[in-house]
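In: Sequence first, then the predicted structure:
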Amino acid sequence: MPEIKTLSSHLVNQIAAGEVIERPSSVVKELVENSIDSGATSVEVNIEAGGTKLIKITDNGCGIAKTDLALALSRHATSKIKALDDLNGILSLGFRGEALPSIASISRLTITSKIKNNDCAWSLSARDNAEPAPASLKDGTQIEVRDIFYNVPARKKFLKTDRTEYSHIESLIKTLILSHPHIAFKLTHNQKTIYQISAAETPEQQKYRIEQVCGKSFAESLIPLSADIEGYHLKGWVALPVFSRSQPDFQYFYINERVIKDKVVAHAMKLAYRDVLFHGRHPAYVCYLQMKPDVIDVNVHPQKHEVRFRESRLVHDFIYRTVNRILAQVPVEQQQTAQVLPVGQEPLQAQPNVSQSELYYEQPKHGFDQSALNLNSAVQDTAQVYDSLFTQSKGELPEQKNTIPPLGFALAQLKGIYVLAENEQGLLIVDMHAAHERIVYERLKESYQQQAIIAQPLLVPISLHVSQSEADLVEVQRTSLVGLGLVIDRLAPEQISVRQVPALLKQSDTEDLVRDVIADMQEFGSSERIEQHQNELLSTMACHGSVRANRLLTREEMNALLRDIEATERSGQCNHGRPTWMQMSLSQLDNLFKRGQ
């Protein structure tokens, strides 16, 4: 049997480094977090060769005394906790005392530091029997890490290219820049300045900081949020659904200024965006959650990415309800769902003084019952507002009550699919089915939440042949179906009878509606899961109840649709996350025809 021996402290540190230090970006994370914990208001990060050759972190924090330099390189030496109970109230980013000795064991590390009012700085190299030596440095600390994994070739061979390793560092620095807006950051790679970000104090400065890091289009799509419940405060920004991403790369969530990746938080955010994102897309946000440190455990993961909440359900529901409410309250004029052309300049503001002769509209050749659209807006009032707008003399602004609404007024219908309208910005293109689907969906949700989906008895019940399993499900889920406005009885082992449907969907194809709802229920499975997926069922029903393509609309119906879009929450996207309307500015139209060039 092999002899049992005590490991050397150096080997212990190298093993510990395997948990804490995965790649150069791990070194940057640990060192910058130490700088933040030191009270620094400025942090500079200098990288060479993707961090494999040099990582140098300089801050203006409180510094380390000469007598503590050697201790700082010792394992489990820290100034942040003194007893186990201190972990319950930890607010600092680091607390284990493992980072510096672990980094020193797999690289050539030198630490230089100066405390305020001291005559000089002191420097110490992490090698055997080294002693502090005088050095030149402003107040604060500088740590140089050279030749990472030089003495652990098995780890070094797993490093990627310099470009890949640097990309991990840059991504990390972005998260740190956004997590601490009061700290100025500078990032340099191979003597080239990548970021030089000033400290931000006001919300406007913080939003500009986001623009510097994440781009102008992201910053322009952000909606501010702020909410409180007892012991919790959530603030930050969430992006409009139009800025959804193919990857979850613009998701920045911080708890007590700590970068975290948590399933509870991710699920709450995804749920809040569920009704407005196209499948496979991811929401974008920059959010900060403050809470008492004793209701969260940050000592779960070696790299402290994961946390454990004492009240995870409360946290989940607080985040979901806050973000869901904010998305629902976005005014329609801020929901511009897409750009028809690449944005290259500011839209030209059109004046609300157009005349009737400047518009073109062709009356549909085939009339139909307008009530079939189920648009609850006052169509007659809309028509009067529309007509009165054009009785003004050219150049005369209409009275306040008749000003152009956000989505303007209908011009015509295109191919029985799109409604063309004119508003103050220019041309509006509306997908009438997608828009009406959202309207019906929101009304169904509201009625369902109030347990008031009105059912419409059919003059003649519709009999359907189904499989035995489908008929069994109809019997078992009869209460759930009644809650959806569907009254269905079983007539035989493989036959059902539809007696009532939701009044909002009375013009839909009843057979297709019922079959799709039953199919959804079969997919969801148990009664509990069906209850959890009520919105999906309502979405299916709304799709059947919305106006179809190739349906000719009158001008009044088109304007009623526009007014309903303006009055409906989340109307910028249909239930499946597709855009319901697009704005084409006058300047974009001018570009198409090269006017003014």
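Out: It's in.
In: hang on, residue 253 in a helix?
Out: No. Applying DSSP: H, G, I helix; E, B strand; the rest coil, one finds residue 253 to be strand, outside a helix.
In: So what's the residue count around it?
Out: Neighbour count for residue 253, taken as other Cβ atoms under 10 Å: 23. (C-beta placed from N, C-alpha, C; glycine too.)
In: Pull the contacting residues for it.
Out: Taking Cβ atoms under 8 Å, 6 or more residues apart in numbering, we find residue 253 in contact with 260, 262, 265, 269, 285, 287, 289.
In: With residue 138 instead?
Out: Contact partners of residue 138, counting by Cβ under 8 Å, 6+ apart, are 60, 114.
In: Within the helices and strands, which one has it?
Out: Residue 138 belongs to no helix or strand when assigned by DSSP states H and E.
In: For residue 422, see how far away it is.
Out: 61 Å (Cβ to Cβ, to the nearest Å).
In: So the residue lying closest to residue 570 once chain neighbours are set aside: helix, strand or coil?
Out: Closest residue to residue 570 apart from its sequence neighbours, by Cβ to Cβ, 6 or more residues apart in numbering: residue 276 at 5.2 Å. Following three-state DSSP, residue 276 is assigned to coil.
In: can I assume residue 276 is in contact with residue 326?
Out: No. The criterion here is Cβ atoms under 8 Å, and residue 276 misses it with residue 326 at 11.7 Å.
In: what sits against the residue nearest to residue 570?
Out: 241, 327, 570, 572, 573, 577.
In: Please list all residues in contact with residue 23.
Out: Contact analysis of residue 23 by Cβ under 8 Å, 6+ apart lists 51, 159, 160, 165, 168.
In: out of everything not next to it in sequence, what's closest to the last one?
Out: In space, residue 168 comes closest to residue 25 once its chain neighbours are excluded; the distance is 3.9 Å by Cβ to Cβ, 6+ apart.
In: Quick one, grab the pLDDT at that neighbour.
Out: Note for residue 25: predicted pLDDT of 95.
In: Assumed it was part of a helix.
Out: Yes. Counting by three-state DSSP, residue 25 falls inside a helix.
In: Report how many residues lie close to it.
Out: Neighbour number of residue 25 under other Cβ under 10 Å is 22.
In: Relative to residue 236, how far out is it?
Out: Counting by Cβ to Cβ, the gap from residue 25 to residue 236 is 24 Å.
In: Quick one: neighbours of residue 446, just the number.
Out: Residue 446: 12 surrounding residues under other Cβ under 10 Å.
In: Wasn't it part of a helix?
Out: Yes. Applying three-state DSSP, one finds residue 446 inside a helix.
In: please renumber so the chain begins at 30
Out: Okay, using 30 as the starting number, the last item reads as residue 475.
In: hmm, back to that, hmm, the residue nearest to residue 197 is touching residue 194, no?
Out: Yes. At 7.0 Å, residue 54 and residue 194 qualify as touching, with contact defined as Cβ under 8 Å.
In: residues shared between the contacts of the two?
Out: With Cβ under 8 Å, 6+ apart as the test, residue 54 and residue 194 both reach residue 80.
In: Residue 300 is in contact with residue 350, isn't it?
Out: No. In this structure, residue 300 is not within contact of residue 350 by Cβ under 8 Å, at 9.9 Å.
In: quick one: pLDDT of the closest residue to residue 472 other than its chain neighbours?
Out: Leaving aside its sequence neighbours, residue 472 sits nearest to residue 533 (Cβ to Cβ, 6+ apart; 6.0 Å). Residue 533 is assigned 84 on the pLDDT scale.
In: Over to residue 533: give its phi and psi.
Out: Main-chain dihedrals, residue 533, degrees, to the nearest 10: phi -60, psi -20.
In: OK, contacts around it?
Out: Residue 533 sits next to 403, 469, 472, 473, 476, 482, 483, 514, 574 when contact means Cβ under 8 Å, 6+ apart.
In: Quick check: can you list the domain ranges of the protein?
Out: 38-226, 232-359, 385-464+578-621, 482-574 (automatic domain parsing).
In: For those, which has the smallest mean pLDDT value?
Out: Across the domains of the chain, domain 385-464+578-621 has the smallest mean pLDDT, namely a mean of 72.
In: And the strands in the stretch 280-429 of the chain?
Out: Applying DSSP state E, counting those that start in this stretch to the stretch 280-429 of the chain gives strands spanning 280-284, 287-288, 314-320, 325-326, 337-338.
In: and residue 433, which of those strands is closest to it?
Out: Nearest to residue 433 among those is strand 314-320 (32.5 Å), distances taken as Cβ to Cβ.
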